[in-house]
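**Q** Structure for the following, please:
(chains A and B)
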Amino acid sequence: MRAGTNPYKRLPGRARKLFGLFSNARQQLWLGPDHLLVAEVKAYTERYKRYYLKDIQALTMCPTNAGRIVNAVLLGFSGLFLIPVLLLFPNRHLPSLEGLALPVMILLAGISALFLLFLFGNVLLGPTCICHLHTAVQAERLSALGRARTAARTLNLLKWSIESAQGRIQPEDVQDFVAPRWEDWPPGSPDSAQEPNREG
Amino acid sequence: MFNFHFECARCGMRRTLPVGGDSIVGACPSCGATHRIEFFPALLRASSGQRAENLVLDTESSCFFHPTKRAATACEGCGRFICALCEIDMGSQHLCPRCVEQGHASGTLEPLKTEYTRYDQIALVLAVLPLLFFYLTLFTAPMAIYFCVRHWRQDAGVLPHGRGAVMTAFVFAVLEVIGWIVVLSWLIPFIGGTW
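**A** Numbers count the residues shown, from 1 in each chain, chains lettered A, B, ... in the order given. I've put the predicted structure just below:
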């Protein structure tokens, strides 16, 4: 297919599973005229999954602590390399450290700065989240939507496209039910919501 | 009753939620993770399959594959009449199972393409990466040219890729081959003189 005639539009989202630490696979989301194309790109191959907009039942987004944990780890590593520099600095003129202190301090400070740089980048990218796309037969994790800000933007775009294809849930479609309350669910009881409160 | 089943993304607990509107924001009672869920009308549709209708009159068209069933439409690939059971919705096309099978085998049916190999990227890596160890380009540059020529006219896949990678790979590989020709043409008489 020629680039000029391609019907797909790239959706925002570049995040990788586990920050891309253990795999070079990445996911891309492309919006077609009537479907969402989820492309798994790994090395030199692309695998495609198509989700027709008329078949998508729900989109879920759940914020996670992964970003904060990574921030704490990066800060810890940065501190780990910075502490010896701070300890060495007042004693850098000691005869036993002469000639060695400055290069070691520069090296350690450089490594510490590198971790701080990653930390800064992670803070700029914002909080993390997990998104899923639900159809009648499966729930696909959208690993490209790993950052809350990007995910919210993309999910709004997707919501608009899906509603263009399906319409919206009208109140009369579900009029027998009151809006669900999360608090109604006893923890650990999956079927607790089988008998929802009925209006009237 | 319209229920939505899902697993909490953080604790993995399976939950069932009655659909009361087009969206909900709430916290999982077991782990406290906040979820934002958007619902769509597909959730409320009955998930039963298609059922083919029986022929009532002799004058009605019947399905090519099920002669006792009433034809619902004509296949857009081969023109055969097919019943609702045989009709496969391929996005913009309605095809019969045989056309889908043939399209899948020949790779001509775009919605059935599920994998694509990026030969342009392979060529680019073969042309550029070995420059770090220049002597490897003696072998990798011809390979890169082979991939460029062999897959130049290849369908660009489902997604828009353009020809930037393959053109860059070709230019690099050709320059490397020219470089080797120059180096070898300078070396061969020199080596020949020592024989």
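
**Q** residue contacts, the residue nearest to the spatial centre of chain A?
**A** With distances taken as Cα atoms, centre = their mean, the residue of chain A nearest its centroid is A:Gly146 (0.7 Å). By Cβ atoms under 8 Å, 6 or more residues apart in numbering or on different chains, the contact set of A:Gly146 is A:13, A:15-17, A:128-130. Where C-beta positions appear, they are placed from N, C-alpha and C, glycine not excepted.

**Q** likewise B:Pro142?
**A** So B:Pro142 contacts B:173, B:177 (Cβ under 8 Å, 6+ apart).

**Q** circling back: from the contacts of A:Gly146, which would you call buried?
**A** Among the contacts of A:Gly146, those classed as buried by 16 or more other Cβ atoms under 10 Å in any protein chain shown are A:13, A:15-16, A:128-130.

**Q** Going by distance to chain B, which of these wins?
**A** Lowest distance from chain B to those (Cβ to the nearest Cβ) belongs to A:Ile130, with 4.0 Å.

**Q** any idea how far the closest residue to that closest one other than its chain neighbours lies from A:Ala136?
**A** The shortest distance from A:Ile130 to any residue other than its chain neighbours is 4.0 Å, reached at B:Ala9 (Cβ to Cβ, 6 or more residues apart in numbering or on different chains). Per Cβ to Cβ, to the nearest Å, B:Ala9 is found 20 Å from A:Ala136.

**Q** Neighbour count: the two, which is higher?
**A** Between B:Ala9 and A:Ala136, counted using other Cβ atoms under 10 Å in any protein chain shown, B:Ala9 has the larger neighbour count: 21 against 11.

**Q** what does the model give that one for pLDDT?
**A** Looking at B:Ala9, its pLDDT is 84.

**Q** That one in helix, strand or coil?
**A** With DSSP: H, G, I helix; E, B strand; the rest coil as the basis, B:Ala9 sits in coil.

**Q** what is A:Tyr51 paired to in the beta sheet?
**A** A:Leu36 (DSSP bridges).

**Q** for it, what are its contacts?
**A** For A:Tyr51, counting by Cβ under 8 Å, 6+ apart, the contacting residues are A:35-38, A:133, A:135, A:140.

**Q** got it, and B:Arg98?
**A** Remark: with contacts taken as Cβ under 8 Å, 6+ apart, B:Arg98 is in contact with B:Cys78.

**Q** tell me which element it falls in.
**A** helix B:97-106 (DSSP states H and E).

**Q** how about the helices in chain A?
**A** Using DSSP state H, the helices of chain A run over residues A:66-88, A:101-125, A:148-166.

**Q** can you give me the end-to-end distance of stretch B:82-90?
**A** 15 Å (Cα to Cα, to the nearest Å).

**Q** Stretch B:10-17 too?
**A** 17 Å.

**Q** now that stretch, how far from the chain's geometric center?
**A** 31 Å (Cα atoms, centre = their mean, to the nearest Å).

**Q** Just the buried positions in it, please.
**A** Residues of stretch B:10-17 classed as buried: B:10, B:13, B:15-17 (neighbour count, 16+ other Cβ under 10 Å).

**Q** Contacts for stretch A:7-17 next, please.
**A** Contacts of stretch A:7-17 with the rest of the structure, by Cβ under 8 Å, 6+ apart, involve A:23, A:25-33, A:37, A:128, A:142-147, A:150-151, A:153-154, A:157-158, B:158-160.

**Q** Which members of these occur in strands, if any?
**A** A:26-31, A:37, A:128 (DSSP state E).

**Q** Pull out the buried residues from those.
**A** Among the ones in strands among the contacts of stretch A:7-17, those classed as buried by 16+ other Cβ under 10 Å are A:26-31, A:37, A:128.

**Q** May I see those residues organised as CSV, with pLDDT and distance to B:Arg118 added?
**A** CSV is the format used below for these (pLDDT from 0 to 100; distance: Cβ to Cβ, whole Å):
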residue, pLDDT, distance to B:Arg118
A:Arg26, 87, 13
A:Gln27, 91, 16
A:Gln28, 92, 13
A:Leu29, 94, 18
A:Trp30, 93, 15
A:Leu31, 93, 21
A:Leu37, 92, 16
A:Thr128, 92, 29
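
**Q** Ramachandran coordinates for the residue nearest to the centre of chain A?
**A** phi -100, psi -10 (degrees, to the nearest 10).

**Q** Check the separation of the first and last residues in stretch B:105-121.
**A** Stretch B:105-121 end-to-end distance (Cα to Cα) = 25 Å.

**Q** And that stretch, what's buried?
**A** Using 16+ other Cβ under 10 Å as the test for burial, stretch B:105-121 gives B:109-113, B:116, B:118-121.

**Q** Could you let me know which of the residues you listed ends up closest to A:Gly121?
**A** Set against A:Gly121, the nearest of these by Cβ to Cβ is B:Gln121 (25.9 Å).

**Q** can I assume the closest one sits in a helix?
**A** Yes: counting by three-state DSSP, B:Gln121 is located in a helix.
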